[in-house]
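S.K.: Curious how this folds, go ahead:
(one chain, ligands or ions: 1)
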Amino acid sequence: MIPKTPFQYELWIGGKEVPSQSGKRFDRQSPAHDAVVGEYARADVVDVDAAIEAAREAFDRGPWPNASGAERAKCLLKAADLIRQQKEELALVETLESGKPIAQARDEMDWAAGLWDYAATLSRHIYGDAYNSLGPAMLGLVIREPIGVVGIITPWNFPLLIVSQKLPFALAAGCTCVVKPSELTPGTTLRLGKILAEAGIPDGVVNIVSGFGDPAGAQLSSHPQVDMMSFTGSTSVGKTVINASRGNLKKVELELGGKNPQIIFADADLDAALDAAVFGICFNMGECCNSGSRLLVQRTVGEEFVHRVVELAREVTVGDPLDEKTKVGAIVSEQQFAKIMGYIDQGRRAGANLALGGQPLQILNGRFIEPTVFDSVTPGMAIAKEEIFGPVLSVLTFDTPEQAIEIANSTMYGLSAGVWTRDLDTALSVSRRIRAGTVWVNTFMDGYPELPFGGYKESGQGRELGRFAIDQFTELKTIQLHVGPRTSWWARRRETNA
Ligand code: NAD
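M.R.: This next block holds a predicted model:
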């Protein structure tokens, strides 16, 4: 249900809700219903500075970086429980702000809670190395320490999920954080503040500022007291964050865009591949870094397979995101809507065949677009190379595995890919040669907290999730321990001169 009055939010700094220093606020309209659903404090440079100061103080003088793994784990597990307890309300907020179907928003809350659970296990396994091979007088220790204050910036497509791919891992490592969610969907992230306080995380360890990319995100990325940035968003803004980070050479981890191919070989289980092809482009309205937005089909089965994709995509229910049966909800913003429609127009003008959709739909007071399929797409077309971030599928054909690999690797992105075949040799050889951080074989867009996630090429740098996630948020320190009497440098010099 749409709330009678919009939800109200303040900034979360130093363990409490505070208004922005200017008193400025902004609001969010539901993309499906055109009703105001949230009103938020609008962080300016001074508010971001205050949040960083709180995080710095909590890191330099607070208990969190020195807490034991067991103590940190207890808080993270409690946070997971609280997310599960508040699942309904969190899912509602996510749906109202983003336009995604409610059933999917609920799944996202479960998935997010699972990430807090998993990060808790890692907080008890922060270990290094010991060198007992340096001779009798020396022992070498290599230890991991929290990197410091981490700035986290997130996009609008999976707000609570993406912050949960970063924040619990940074906390598990002992870092303190300032989080800036997207201005389009700050609600669930701001609600995390109280959840984390209830879970026992000390004041100042997590600070959350709602605001715009410029100035709030820019101030966070360029601030000299921030030791690391963890950013998820578009490739172009990712590059801006790298530039902004240069002043103090902070570490930057980036999760960026994708133009992910699903490669369908003729020998595949075509029914399963069909389902994944439609899921791959309709899930989250195609507003998904992992969307299977390119379908590469082997020519011998191409025509029949594409016909089936079109027929299945035609059946997908587009509608009110609050309806349990909806599979495709509203497009997040006017800007995103215009971008998608612009690409549909480009596809037509470039000579691709519009096999399905391509039109806006008049539903409620919102912005909706029909699932859209282009075939006869060639690798040079913009709709084959660029991230559209909408329910628009580009179908290309190939004859040989070699050609499929070449097309798959022909964009600037390298986030993920799908390979569909019953032949083990094809599955492995193609998976190995695709330049992407994740390759799914005979499945698509599955994920496990245990498995690292991230991109090759301009899809990002660094990896999230898995046991390596802790590495991102730690520094390595070498400690050399001398054992027994030490030969003095001065004495050694005299011996040499003698
Ligand atoms: P975006 O890059 O426009 O915005 C992302 C965040 O950056 C927002 O919080 C925004 O306020 C902030 N921002 C904007 N300008 C900034 C600046 N100058 N300095 C610092 N921060 C700034 O992206 P979006 O439209 O919110 O999200 C869509 C993009 O995110 C797509 O490209 C998608 O592929 C990508 N994405 C990637 C992953 C992944 O894990 N690889 C996951 C989800 C989304």
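S.K.: only C-alpha atoms for contact and neighbour calcs from this point on.
M.R.: Will do.
S.K.: for the stretch 51-200 of the chain, what spans make up the helices?
M.R.: Ranges of helices within the stretch 51-200 of the chain are 69-85, 87-98, 102-123, 159-164, 167-173, 187-198, based on DSSP state H, counting those that start in this stretch.
S.K.: closest to the ligand out of those?
M.R.: Closest approach to the ligand among the helices of the stretch 51-200 of the chain is made by helix 159-164 (6.8 Å; Cα to the nearest ligand atom).
S.K.: got a list of contacts for that closest one?
M.R.: 94, 108-109, 111-113, 115-116, 152, 154-155, 181-182, 185-186, 188-189, 232 (Cα atoms under 8 Å, 6 or more residues apart in numbering).
S.K.: domain assignment for the protein?
M.R.: 7-255+468-478, 261-441 (automatic domain parsing).
S.K.: and these as CSV, adding mean pLDDT, mean neighbour count and distance to residue 452?
M.R.: Output for the domains of the chain, formatted as CSV (pLDDT from 0 to 100; neighbours: other Cα atoms under 10 Å; distance: least, Cα to Cα, whole Å):
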stretch, mean pLDDT, mean neighbour count, distance to residue 452
domain 7-255+468-478, 98, 21, 7
domain 261-441, 98, 20, 8
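S.K.: Can I get those domains in CSV including distance to residue 450?
M.R.: Shown next, in CSV, are these (distance: least, Cα to Cα, whole Å):
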stretch, distance to residue 450
domain 7-255+468-478, 8
domain 261-441, 13
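S.K.: okay, the ones you listed in JSON lines with distance to the ligand next?
M.R.: Converted to JSON lines, the domains of the chain look like this (distance: least, Cα to the nearest ligand atom, whole Å):
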{"stretch": "domain 7-255+468-478", "distance to the ligand": "3"}
{"stretch": "domain 261-441", "distance to the ligand": "4"}
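S.K.: Relative to the ligand, which residue of the stretch 251-400 of the chain is the closest?
M.R.: residue 257 (3.1 Å).
S.K.: give me the number of residues near that residue?
M.R.: Burial of residue 257 is recorded as 28 neighbouring residues (other Cα atoms under 10 Å).
S.K.: how about the residue lying closest to residue 172 once chain neighbours are set aside, what does it touch?
M.R.: Spatially, and ignoring its direct neighbours in sequence, residue 172 is nearest to residue 123 (4.4 Å; Cα to Cα, 6 or more residues apart in numbering). By Cα under 8 Å, 6+ apart, the residues touching residue 123 are 69, 70, 72, 73, 169, 172, 173.
S.K.: before we move on, back to that, for the helices of the stretch 51-200 of the chain, which one sits closest to residue 19?
M.R.: Closest to residue 19 of the helices of the stretch 51-200 of the chain is helix 187-198 (Cα to Cα; 12.6 Å).
S.K.: now what about the next helix or strand after the closest one, what contacts it?
M.R.: Sequence-wise, the next helix or strand downstream of helix 187-198 (DSSP states H and E) is strand 206-208. If you take Cα under 8 Å, 6+ apart as the criterion, strand 206-208 is touched by 11-15, 51-52, 54-55, 176-181, 189-190, 193, 196.
S.K.: Just the ones of those residues in strands?
M.R.: When DSSP state E is applied, these are split such that 11, 12, 13, 176, 177, 178, 179, 180 fall in strands.
S.K.: Looking at the residues you listed, which is nearest residue 481?
M.R.: Of those, the one sitting nearest to residue 481 (Cα to Cα) turns out to be residue 176, at 29.8 Å.
S.K.: Contacts only, for that closest one.
M.R.: Here residue 176 is in contact with 55-56, 58-59, 64-65, 148-150, 170, 204-206 (criterion: Cα under 8 Å, 6+ apart).
S.K.: and the gap between it and residue 282?
M.R.: The gap separating residue 176 from residue 282 is 37 Å, by Cα to Cα, to the nearest Å.
S.K.: can you check residue 88 too?
M.R.: 23 Å.
S.K.: before we move on, what about residue 276?
M.R.: 10 Å.
S.K.: Residue 27 now?
M.R.: Residue 27 is 28 Å from residue 282, by Cα to Cα.
S.K.: Please apply the same query to residue 164.
M.R.: From residue 164 to residue 282 the distance is 23 Å (Cα to Cα).
S.K.: What of residue 81?
M.R.: From residue 81 across to residue 282, the span is 30 Å (Cα to Cα).
S.K.: do residue 443 as well
M.R.: Distance of residue 443 to residue 282, computed by Cα to Cα: 16 Å.
S.K.: try residue 138
M.R.: Taken as Cα to Cα, the span from residue 138 to residue 282 is 60 Å.
S.K.: Also residue 445?
M.R.: Distance, residue 445 to residue 282, by Cα to Cα: 12 Å.
S.K.: How about residue 355?
M.R.: 16 Å.
S.K.: isn't residue 397 right next to residue 299, touching?
M.R.: Yes: taking Cα atoms under 8 Å as the definition, residue 397 is a contact partner of residue 299 at 5.5 Å.
S.K.: Is residue 38 located within a strand, as I assumed?
M.R.: Yes: assessed by DSSP: H, G, I helix; E, B strand; the rest coil, residue 38 belongs to a strand.
S.K.: which residues of the stretch 251-400 of the chain fall in strands?
M.R.: 251-255, 261-264, 294-298, 353-356, 360-361, 368-369, 372-375, 392-398 (DSSP state E, counting those that start in this stretch).
S.K.: what's next to the following helix or strand past the last one, contact-wise?
M.R.: Spelled out, it's strand 392-398. Where DSSP H and E defines the elements, the next helix or strand beyond strand 392-398 is helix 401-408. With contact meaning Cα under 8 Å, 6+ apart, helix 401-408 is reached by 260, 261, 263, 296, 379, 398, 426, 430, 433, 434.
S.K.: And for residue 19, nearest residue in space, chain neighbours not counted?
M.R.: residue 10 (5.3 Å).
S.K.: residues contacting residue 45?
M.R.: 215, 216, 219.
S.K.: beta partners for residue 354?
M.R.: Beta-bridge partners recorded for residue 354 (DSSP bridges): residue 374.
S.K.: if I pick it, what's in contact with it?
M.R.: Residue 354 touches 347, 348, 372, 373, 374, 375, counting by Cα under 8 Å, 6+ apart.
S.K.: Now distance to residue 455 too, for those, in CSV please.
M.R.: Written out in CSV, the entries for the contacts of residue 354 read as follows (distance: Cα to Cα, whole Å):
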residue, distance to residue 455
347, 26
348, 30
372, 26
373, 26
374, 26
375, 27
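S.K.: my read is residue 418 is in a strand, agree?
M.R.: Yes: the assignment for residue 418 by three-state DSSP puts it in a strand.
S.K.: Could you verify my assumption that it touches residue 259?
M.R.: No: contact criterion Cα under 8 Å: residue 418 and residue 259 do not qualify, at 11.6 Å.
S.K.: Need the overlap of contacts for these two.
M.R.: residue 292.
S.K.: In the stretch 251-400 of the chain, mark out all the helices, start to finish.
M.R.: 270-282, 299-315, 334-350, 382-385.
S.K.: show me what contacts the closest residue to residue 7 other than its chain neighbours?
M.R.: Leaving aside its sequence neighbours, residue 7 sits nearest to residue 38 (Cα to Cα, 6+ apart; 4.6 Å). Counting by Cα under 8 Å, 6+ apart, residue 38 makes contact with 6, 7, 8, 9, 27, 28, 29, 97, 187.
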